[in-house]
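Visitor: starting from these lines, generate the structure:
(one chain, ligands or ions: 1)
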Amino acid sequence: MHKPTKIAFLGSGRIARALIQGLLKTESVAPNEIIVTSHSGVSAKRLAEEFGVTSATSNDQAIEATSIIILCTKPAQALATITASQKSLTNKLLVSMATGIRSEDLFQAAAGKARILRAMPNTAVRVGKGTIVLSPHTSTTPEDFLLVKTIFSKSATLEEVSEEKMDAVTALSGSGPAFALLFLEGLMEAGIKASLDPKLSRQLAAHTLEAAAALVLETSATPESLRHEISSPQGTTAAGLQVLDQADLNAIVGKAVQAAIQRATQLGR
Ligand SMILES: NC(=O)c1ccc[n+]([C@@H]2O[C@H](COP(=O)([O-])OP(=O)(O)OC[C@H]3O[C@@H](n4cnc5c(N)ncnc54)[C@H](OP(=O)(O)O)[C@@H]3O)[C@@H](O)[C@H]2O)c1
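Guide: Modelled structure (predicted):
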């Protein structure tokens with residue numbers, strides 16, 4: 001397995017920015033090893049100015065300079081973008097971050113000439129705490145898979161699923177940080193209303209969610225048993241949990257995840 005000399009990002013929006021920030025922050029890749037493009041060229045130039053990466057004038061120019069291409073356009077633009085660069089994509093590895101777009105459709109869009117690996121990241125990659133879930137197409141080789149894992153291993157936890165699970169993954173770990181952030185905002189605002197300084201409330205809310213996640217990740221206990229450890233009968237936690245139970249928080253979260261899954265499925269059609 002050879003680390004490629006350059007990586008091309010087609011699309012320079014929010015997720016490309018987060019992935020690039022993570023790669024640079026963790027020194028996984030140097031700025032001069034990254035080439036970016038965008039539809040208008042504006043967002044690509046902005047990334048080039050901000051991070052010292054190279055902005056190419058066309059997708060073909062970027063693809064031809066690299067052997068690994070990360071597709072970061074909106075789902076609606078993904079297949080047309082690949083079709084337009086079919087010739088340049090011959091024998092290249094294409095890693096698609098586009099929500100809902102099936103790897104077989106990407107493979108066909110590339111006229112069967114590129115190797116395709118579908119991936120679902122989240123924006124926490126920018127601080128080295130992301131999750132990237134990979135789903136290889138039959139065209140991907142074990143070396144491709146290992147290469148992608150190596151490139152992103154410092155900025156994300158990497159997982160693998162079969163493709164039919166990718167919409168569920170998209171809802172849980174692609175969109176999930178936004179759901180958790182909404183809860184964090186709720187904690188923070190409640191703290192401020194209860195007289196805490198906004199800065200302190202922000203810190204306490206963020207560390208609280210980090211602590212809950214650490215308890216799950218660093219022990220083998222279930223979230224439910226960990227919750228019982230904190231909640232003594234008639235105590236403060238029990239009083240708060242009763243309110244959340246009455247509002248059926250878990251059912252609401254379940255509906256949010258279902259809505260995101262349905263949207264991911266629609267985007268792929
Ligand atoms: N944002 C997230 O948290 C997140 C998480 C997981 C997955 N994703 C997936 O990542 C993809 C990108 O999302 P995003 O939020 O980063 O979108 P975004 O901010 O709207 O960025 C899209 C980028 O694609 C560029 N683009 C459009 N057509 C192009 C073409 N033909 N060639 C090259 N670049 C082209 C746009 O250029 P212009 O600026 O010139 O229009 C823009 O830079 C989506 O498929 C999304 O589902 C996003």
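
Visitor: for residue 127, see how far away the closest residue to residue 48 other than its chain neighbours is.
Guide: Take residue 48 and drop its neighbours on the chain: the residue closest to it by Cβ to Cβ, 6 or more residues apart in numbering is residue 55, 3.9 Å away. All C-beta spots, glycine's among them, are computed from the backbone N, C-alpha and C. Shown here: residue 55 relative to residue 127, a distance of 24 Å by Cβ to Cβ, to the nearest Å.

Visitor: those two: who's more crowded?
Guide: residue 55 (21 against 13; other Cβ atoms under 10 Å).

Visitor: how about that one, what does it touch?
Guide: 12, 35, 36, 37, 41, 44, 45, 47, 48 (Cβ atoms under 8 Å, 6 or more residues apart in numbering).

Visitor: now do residue 191
Guide: Contacts of residue 191 (Cβ under 8 Å, 6+ apart): 200, 201, 204, 205.

Visitor: of these - the most surrounded one?
Guide: Counting neighbours by other Cβ under 10 Å, residue 205 leads the contacts of residue 191 with 21 neighbours.

Visitor: measure how buried residue 213 is and give me the count.
Guide: By the measure other Cβ under 10 Å, the count of residues near residue 213 is 13.

Visitor: which SSE is the closest residue to residue 184 other than its chain neighbours in?
Guide: Distances taken as Cβ to Cβ, 6+ apart place residue 205 nearest to residue 184, at 5.0 Å, with adjacent residues excluded. If you go by DSSP states H and E, residue 205 is part of helix 198-218.

Visitor: hang on, the earlier thing: buried among the contacts of residue 55? Need that as a selection in ChimeraX.
Guide: Selecting only the buried entries of the contacts of residue 55 in ChimeraX, with 16 or more other Cβ atoms under 10 Å as the criterion:
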select :12,35,36,37,41,44,47,48
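
Visitor: of the contacts of residue 55, list those near the ligand.
Guide: Filtering the contacts of residue 55 for proximity to the ligand by Cβ under 6 Å from any ligand atom leaves 12, 37.

Visitor: dihedrals phi and psi, the residue of the chain found nearest the ligand?
Guide: At 1.8 Å from the ligand, residue 13 is the closest residue in the chain, using Cβ to the nearest ligand atom. The phi and psi values for residue 13, taken as degrees, to the nearest 10, are phi -90, psi -150.

Visitor: cool, and residue 87?
Guide: The phi and psi values for residue 87, taken as degrees, to the nearest 10, are phi -60, psi -50.
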